[in-house]
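*Asks:* what's the 3D shape of this:
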Amino acid sequence: MLGDLAAEATGWFTGPAGQVTGPVPAESTQQAVGYPALFVLVALGALVPVIPTGALVSTAAVVALHHQTLPAGLLLVFLLAALGAFAGDLALYWLGRRGTRSQGGSRALARLEARVSADRLAAAQVRLREHGVAVLVLSRLIPAGRIPVMLACLLARMPVREFARGDAPAALAWAATYQLIGILGGSLFDEPWQGVVLAVGLALLVSAAPAGWRRLRG
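*Replies:* Okay, here's the model as predicted:
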């Protein structure tokens, strides 16, 4: 979506009276590529932790706020981000479930276990026993909280259907949170790139804050 800023900013043209008459075909092409790309990248980000999905959603929200027809653009960003997060979570959980049902485990389950310390896993298991699938919503909103809770669900052999029932509202809440960060950043500036810089900075700060706090405590 970052690459759409320049194209979308210049994608509208005006008629003789200075009125906006409609988008040029290039903008339609950018939208046709950008929206599916948002879904794919968010889904991949749930599987591969190197993609900053929160910053991606915030950036898409800034672009939609400045250059799309409101509220349809923002609604589409929200829905695609939530669907991407949900699809990625389900795919990762399904891969992990294969490991729990196999004597030899699986590479997906091993990678999840390698990303979670013993104390964080124990805390996630306690929260899961106390609150059930409702803990998935909070774990999705807390950076680095998703994987420990997902691993606790896997070790508890929670069925995929039950996990999906808790993960659906978690994905919606996550998408809404980062979209609001983008709307906040985009509404403070007239230039889209300024809103993108602020939104991405806020999203990365929110994502990095828990890890930094743990290092300080350690």
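
*Asks:* hey, let's count contacts and neighbours off CA atoms from now on
*Replies:* Noted.

*Asks:* where's the nearest residue to residue 124 once chain neighbours are set aside, which helix or strand?
*Replies:* Distances taken as C-alpha to C-alpha, 6 or more residues apart in numbering place residue 149 nearest to residue 124, at 5.2 Å, with adjacent residues excluded. Take DSSP states H and E as the rule and residue 149 turns out to sit in helix 146-155.

*Asks:* likewise residue 122?
*Replies:* Here residue 122, judged by DSSP H and E, is contained in helix 118-131.

*Asks:* just residue 59 next, same as before
*Replies:* Residue 59 belongs to helix 53-67 when assigned by DSSP H and E.

*Asks:* Summarise which helices and strands that helix is packed against.
*Replies:* Judged by 3 or more C-alpha pairs under 8 Å, 6 or more residues apart in numbering; DSSP states H and E, helix 53-67 is in contact with helix 4-9, helix 25-47, helix 72-100, helix 160-187, helix 192-217.

*Asks:* cutoff 6 Å now
*Replies:* Applying 3 or more C-alpha pairs under 6 Å, 6 or more residues apart in numbering; DSSP states H and E, one finds that helix 53-67 contacts helix 160-187, helix 192-217.

*Asks:* Confidence-wise, which of these is weakest overall?
*Replies:* Among the helices and strands packed on helix 53-67, helix 192-217 carries the lowest mean pLDDT, a mean of 65.

*Asks:* shaky segments in the chain?
*Replies:* Residue ranges of the chain with pLDDT under 70: 1-33, 68-69, 101-106, 189, 191-193, 195, 203-204, 206-218.

*Asks:* hmm, try it at 90
*Replies:* 1-36, 47-55, 58-59, 61-73, 96-117, 120, 131-134, 138-145, 181-218 (pLDDT under 90).

*Asks:* Buried residues in stretch 155-175, which are they?
*Replies:* Residues of stretch 155-175 classed as buried: 163-164, 166-175 (neighbour count, 16 or more other C-alpha atoms under 10 Å).

*Asks:* what's in contact with the helix holding residue 59?
*Replies:* 1, 42, 45, 73-74, 178-179, 181-183, 186, 196, 199-200, 203 (C-alpha atoms under 6 Å, 6 or more residues apart in numbering).

*Asks:* Need the max-distance pair from these.
*Replies:* For the contacts of helix 53-67, the farthest-apart pair by C-alpha to C-alpha is 45 and 186; their separation is 23.2 Å.

*Asks:* Give me the more crowded residue out of these two.
*Replies:* The neighbour comparison of residue 45 against residue 186 (other C-alpha atoms under 10 Å) goes to residue 186, with 27 against 20.
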